[in-house]
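Trainee: The following comprises the amino acid sequence and a computationally predicted model.
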Amino acid sequence: MERLPVFVRLRPTEAVQAVKKSKNCVVIEDECEFEASGILDNASQDETFKVVGRPLVEATLRGISSTLLAYGGIGSGKTYSLYGGKVNHERGIIPRALEMIVQKMGSAQIQVSAYEVRSTDHIVDLLTPGPIDLVTCTVGGQLRDISSFPLKDGQSVRDIMKLIETNRTINSHQMTSITILQHDEAAGETIKSQLLFVDLASAGRNSVVSRQLSLLEHVVVTLGCKRGTRVPYRECRLTHTLQASLSSETNTALLCTLQPDKKLLSEALATIRFASRASKMPISREVRDRAPDPFLKVSELNKEIETLKRELSVQSLLTRGKSTMGIEPLNANQIAEAQRQVEEYLAGGQYPDVISNRQLCAVFTAFKQVLAKVTEEMKPKGAPTPVEDTKGNKSAKTSTKVTRPASRASVKSRLSGRNSGKNKNDVDDKPETPTPKSKRGDKGKNDKKEALDKKGSAIKVAPQAESTLSDEIEKDAGADEYPEPPEKQVSYKMFREGEGRVVVRLLRDAEIQAINLEKVSQEQAEIYNARIKVRNELKRKDRNTPDEVLPDGRPVITEDKLADILKLKSLKQELTDAEKKFHVSKSKAEYCRDQARKIAERVVIEFAEWEKRTFGLPATSSPAQE
Ligand SMILES: Nc1ncnc2c1ncn2[C@@H]1O[C@H](COP(=O)(O)OP(=O)(O)OP(=O)(O)O)[C@@H](O)[C@H]1O
């Protein structure tokens, strides 16, 4: 396992110096205090980038997430090294890194975000100023809803740098994060890598910053200890946000900036102490992070489209009569029209005109009826006729339907509308004399075939004089008696799997959505209650701790107490947020439950109508309602 590389940059000074460079050693008061990976003495911004920044950019472009931490005393040059000075050649490591990425990015997608952890322990977005929430996930603290800007060209580099420059504040730790998504053709996967620059506030700025930095030092020291030692990442937001970047699976480097002045010796010593402790931290230059597969993303988006479509149909269903979505049940005329179009198509015409799901169902039903009819007609007579229920199951029950036997040729001719072998002029309008079914033999069949063949040509010459296939189907249907109604549960199953499947599916989806949202609302309530508990404990602790006072009567605020006060302050905001989230999720769940109720009512109505149409029953309630 490799150890953290530490670079030391000495700020040029005219004053008497206590710190010097000797090869790769930082020499303080003539004694080698620390051996660094590189020392930048009197180095230009360009040189500093080449030594410190470029290797990290190159690693990130190879798919290895990398981090650069800048640590040092007040005015020692951290910000100057990372962001740069006022003129072009003084550009710091960050703008140079962004420029290098723009040059080399190819087809990769780059997003930049920036934020700062303030001494109040709040996290603020630097590109779209505003507070950001920190949530805990498996890899550490994750920032929720942080804004990110795409990196496209030199102009976007300048825009991003300007935004950061404008919004950052002193006394805060600033982070600039560059996320690179690139497709690895050979492996057929997307590689995600992140380059993070951390400009740590100076230790001497204030007591809270000092505390945050000593917690960071504690984390760094623990990381350098034996594997398995618990690392106290969650002691403050600074270390919590850096957890993923400091873990041994990233490629991290440290830049320590020093002012060599004799007068600032204690600051230099503190910086070198941090450098020396951090240099024991393990790092990895190999781990590559696989981003979610873009194809999976596409399938997720497709699922979302399906959900949105279903939501749209719910809307359409609920605004019955006002919508143009066409998910209303078709009326008798529309069904007849679908059947007419199917006949026309089978006779060599255009495809049926379908614009809605319901029409599609009607067209398929018409096809099914024609197919059933043809199959029926081709069956040898005398055999029991299987009856098909709406589910497609066949029983050996004899059909109550009045069947008209016909030969294959005659049926074909009827469907195609063509005269099978006969001349167009051989029209015979003479009505057929009906033959009793039981007495028909082969001769009767042939007679029938002939009669139907003639009928086929008659339709062509004088269609208005003859009944169409749809008329016959309708007539047949009219001749049917209503089938025996099955048990309510069975008929509902038929409805659910047939005509009612869309609305029943909508009901099921709406219920699932309502249950999920109710779960979310429950979780939000738990989060809120947990925060309340913490707040109450802090308040109780505060009440039970007697205030220390100075002899002149002024109260003393200890570091512990200050930390509690800050915690209470941030809890107050968290409580407001948690309460807001709870109310939002609760009203979403209620709305969804209400929608599900409305759809359930629609299911009841549609089932009753279907039952009435199918079995000639009076409208009743559905098992769904029961
Ligand atoms: N290597 C350097 N070469 C030239 N000027 C430098 C160098 N380092 C720092 N400076 C100058 O010193 C000043 C202070 O530096 P800088 O703002 O980077 O300090 P800092 O370490 O970020 O301190 P703080 O955290 O207190 O803001 C800047 O105005 C910068 O111009």
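Mentor: Yep, that arrived.

Trainee: For the protein, what lies in contact range of the ligand?
Mentor: Contacts of the chain with the ligand, taken as C-beta under 6 Å from any ligand atom, map to 11-12, 72, 74-80, 85, 170, 201-202, 257. C-beta: built from backbone N, CA, C; applies to glycine.

Trainee: Give me the buried entries from these.
Mentor: 11, 72, 76-80, 201-202, 257 (16 or more other C-beta atoms under 10 Å).

Trainee: list the contacts for the residue of the stretch 1-150 of the chain found nearest the ligand?
Mentor: The nearest approach of the stretch 1-150 of the chain to the ligand comes at Gly77, 2.6 Å away (C-beta to the nearest ligand atom). Gly77 makes contact with 9, 11, 257, 259, according to C-beta atoms under 8 Å, 6 or more residues apart in numbering.

Trainee: change it to 10 Å
Mentor: 9-12, 40, 48, 70, 92, 255, 257-259 (C-beta atoms under 10 Å, 6 or more residues apart in numbering).

Trainee: Need the three-state assignment for the residue nearest to His183 when sequence neighbours are not counted.
Mentor: Nearest non-adjacent residue to His183, counting by C-beta to C-beta, 6 or more residues apart in numbering: Thr190, 5.3 Å away. Classification of Thr190 by DSSP: H, G, I helix; E, B strand; the rest coil places it in strand.

Trainee: Kindly report the same for Leu301.
Mentor: Per three-state DSSP, Leu301 ends up helix.

Trainee: Likewise for Ala43?
Mentor: Recorded secondary structure, Ala43: coil (three-state DSSP).

Trainee: Give me the mean pLDDT for stretch 306-315.
Mentor: In this model, stretch 306-315 has an average pLDDT of 74.

Trainee: Gln350: what's its closest spatial neighbour, skipping adjacent residues?
Mentor: Glu344 (6.9 Å).

Trainee: Indicate the residue of the stretch 451-600 of the chain located nearest to the ligand.
Mentor: Closest approach of the stretch 451-600 of the chain to the ligand (C-beta to the nearest ligand atom) occurs at Leu566, with a separation of 20.9 Å.

Trainee: give the contact list for that residue.
Mentor: Counting by C-beta under 10 Å, 6+ apart, Leu566 touches 119-122, 208, 236.

Trainee: Please indicate which of these are buried?
Mentor: Of the members of the contacts of Leu566, the ones counted as buried by neighbours, 16+ other C-beta under 10 Å, are 119, 121-122, 208, 236.

Trainee: want to throw those into a markdown table with secondary structure and pLDDT?
Mentor: Shown next, in a markdown table, are the buried ones among the contacts of Leu566 (DSSP: H, G, I helix; E, B strand; the rest coil; pLDDT from 0 to 100):
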| residue | secondary structure | pLDDT |
| --- | --- | --- |
| Ser119 | coil | 85 |
| Asp121 | coil | 85 |
| His122 | coil | 90 |
| Val208 | helix | 87 |
| Cys236 | coil | 89 |
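
Trainee: With respect to Ile64, which of those residues is nearest?
Mentor: Lowest distance from Ile64 to these (C-beta to C-beta) belongs to Cys236, with 27.3 Å.

Trainee: distance of the closest one from Gln45?
Mentor: As judged by C-beta to C-beta, to the nearest Å, Cys236 and Gln45 stand 32 Å apart.

Trainee: can you check Leu371 too?
Mentor: Where Gln45 is concerned, Leu371 sits at a distance of 80 Å (C-beta to C-beta).

Trainee: So which of these two has more stuff around it?
Mentor: Between Leu371 and Gln45, counting by other C-beta atoms under 10 Å, Gln45 is the more crowded of the two (21 against 10).

Trainee: excluding its backbone neighbours, what's nearest that one?
Mentor: Glu90 (5.5 Å).

Trainee: how far away is the one you found from Leu10?
Mentor: Look at Glu90 and Leu10: by C-beta to C-beta, they are 17 Å apart.
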